[in-house]
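Engineer: build me a model from this:
(3 chains)
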Amino acid sequence: MNQQVRELHTSITGWFAVHARKLPWREPDCTAWGVLVSEIMLQQTPVVRVLPVWQEWMHRWPSPAALASESSGEAVRAWGRLGYPRRALRLHAAAAAITEDFGGEVPSTHAALLSLPGVGDYTAAAVAAFAFGRRETVVDTNIRRVHARAVTGNALPSPALTAAEMRLARELMPDGVSESVAWNAAVMELGALICTARNPKCSQCPVLEQCAWVSAGRPDPHYVPKGQAWAGTDRQVRGAMMAVLRNAQAPVQRALLLHPPVNLVPSPAAGELDPLAALHRLAAPQEQMERALAGLIADRLAAEDARGVSLP
DNA sequence: TATACGTGGAT
DNA sequence: TATCCAAGTAT
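Structural biologist: Reported below is the predicted structural model:
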């Protein structure tokens, strides 16, 4: 633990003490369940979109047992438009596992958390650290980017998490337990608010003077990020079908999903098209429509019986 | 290790 | 307008 690292600790945690956002899952009275739900919802999803859904979930399902007592379909419906609805399914399954295998209490160790559906290495570390005050090496995309710039001198972290990054993250962690928790939260927040992927606000950065990337003249990334294809993909069709099922009050005929009729119904309130009309407008090949629906059912995001297709 | 997996705001 | 990107996980 050299002097440079100590300066990073002081500067970044000092900045966090002043500039941290006030978020409900950071409040002292927030339960471990609340933290777990927030971490799952925040996977690949911005804070502003998570906030209202998280509040609704906490009010409706204040404990794992409460969520586990309802059908997985209710979880998927309440997931709304957060995206990656399989997360709702896994969170529901995690609630059941917590209720059955952990006496209804969210486990506190990394290993036990990792056993839960939808909980990977990042989420296990984050919950252990932020809900239980443990010393964990938390590594998310924000932390990776701050490390890449401030310490390594690169514009962006590598496309996939490397062993070298994990080693660096462990080396940078303060020894003290409470200090390590604050450090993890602070670096993540710095990456989210200041050291952003595009247009970083370097003028407001607490470690501008120590930043290896700035010192090197802010060189460009040494690789080209691979774009996320969307138009014409199965994902787009799946998303449109999920919107139809979320919107439906009753099971939807399979044929209606596979052959959505031209039925433009503008919603007077929101000015949005009916989800079925939106699905039609994709004009996806029939083979793709069938593949998407089969995928949803295979993934248990949708269920089919004699009445039609609905949320599980 | 590479790929699939939603959604919408920002640029 | 098209692309980028967001507190990743599972396979």
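
Engineer: what residues does the stretch 1-150 of chain A have near DNA strand C?
Structural biologist: A:23, A:25-26, A:38-39, A:42-47, A:83-84, A:90, A:117-124, A:126, A:140-142, A:145 (C-beta under 7 Å from any atom of the strand). (Each C-beta comes from the backbone N, C-alpha and C, glycine too.)

Engineer: take those residues and, keeping just the buried ones, write it as a PyMOL select command.
Structural biologist: Listed next is the PyMOL selection for buried residues among these, using 16 or more other C-beta atoms under 10 Å:
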select buried, chain A and resi 25+38+39+42+43+84+90+117+118+119+121+122+123+124+126+140+141+142+145
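
Engineer: narrow the residues of the stretch 1-150 of chain A next to DNA strand C to those in helices?
Structural biologist: Those of those mapping onto helices are A:38-39, A:42, A:47, A:90, A:121-124, A:126, A:141-142, A:145, per DSSP state H.

Engineer: low pLDDT regions in the stretch 1-150 of chain A?
Structural biologist: By pLDDT under 70, the low-scoring segments of the stretch 1-150 of chain A are A:1.

Engineer: which one of the residues in it is closest to DNA strand C?
Structural biologist: A:Gly120 (2.5 Å; C-beta to the nearest atom of the strand).

Engineer: the residue nearest to that residue when sequence neighbours are not counted: how many residues sit nearby?
Structural biologist: Excluding the flanking residues, the one nearest A:Gly120 by C-beta to C-beta, 6 or more residues apart in numbering is A:Leu114, at 7.3 Å. Neighbourhood size, A:Leu114 [other C-beta atoms under 10 Å]: 16.

Engineer: residues contacting the residue nearest the centre of chain A?
Structural biologist: For chain A, the residue sitting closest to the mean C-alpha position, by C-alpha atoms, centre = their mean, is A:Gln43 at 1.0 Å. With contact taken as C-beta atoms under 8 Å, 6 or more residues apart in numbering, A:Gln43 is in contact with A:Tyr84, A:Arg87, A:Thr123.

Engineer: the closest residue to A:His222 other than its chain neighbours: neighbour count?
Structural biologist: Excluding the flanking residues, the one nearest A:His222 by C-beta to C-beta, 6+ apart is A:Asn154, at 6.9 Å. Close neighbours of A:Asn154, defined as other C-beta under 10 Å, add up to 19.

Engineer: may I have stretch A:61-68 as PDB, with CA atoms only?
Structural biologist: Output of stretch A:61-68 as PDB, limited to C-alpha atoms (Å, rounded to 0.1, in the frame of the first residue of the first chain):
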ATOM      1  CA  TRP A  61     -42.900  -7.300  -1.600                       C
ATOM      2  CA  PRO A  62     -41.000  -6.100   1.500                       C
ATOM      3  CA  SER A  63     -39.500  -9.500   2.100                       C
ATOM      4  CA  PRO A  64     -38.300 -12.500   0.000                       C
ATOM      5  CA  ALA A  65     -41.200 -14.600   1.400                       C
ATOM      6  CA  ALA A  66     -43.700 -12.000   0.200                       C
ATOM      7  CA  LEU A  67     -42.400 -12.200  -3.400                       C
ATOM      8  CA  ALA A  68     -42.100 -16.000  -3.300                       C
END
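
Engineer: off-centre distance for it?
Structural biologist: Distance, stretch centre to chain centre, for stretch A:61-68: 20 Å (C-alpha atoms, centre = their mean, to the nearest Å).

Engineer: wait, A:Leu311 sits on A:Arg300?
Structural biologist: No: between A:Leu311 and A:Arg300 there is no contact, the gap being 10.1 Å when judged by C-beta atoms under 8 Å.

Engineer: and the two? Which one has more around it.
Structural biologist: Each of A:Leu311 and A:Arg300 has its neighbours counted (other C-beta under 10 Å); A:Leu311 has more, 23 against 14.

Engineer: how close does the more buried one get to DNA strand C?
Structural biologist: Taking C-beta to the nearest atom of the strand, to the nearest Å as the measure, A:Leu311 falls 20 Å from DNA strand C.

Engineer: the closest residue to that residue other than its chain neighbours: how many residues sit nearby?
Structural biologist: The spatially closest residue to A:Leu311, leaving aside those adjacent along the chain, is A:Gly73, at 3.5 Å (C-beta to C-beta, 6+ apart). A:Gly73: 20 surrounding residues under other C-beta under 10 Å.

Engineer: got the domain ranges for chain A?
Structural biologist: Per automatic domain parsing, the structural domains of chain A span A:32-130, A:234-310.

Engineer: most packed of these?
Structural biologist: domain A:32-130 (a mean of 19; mean count of other C-beta atoms under 10 Å).
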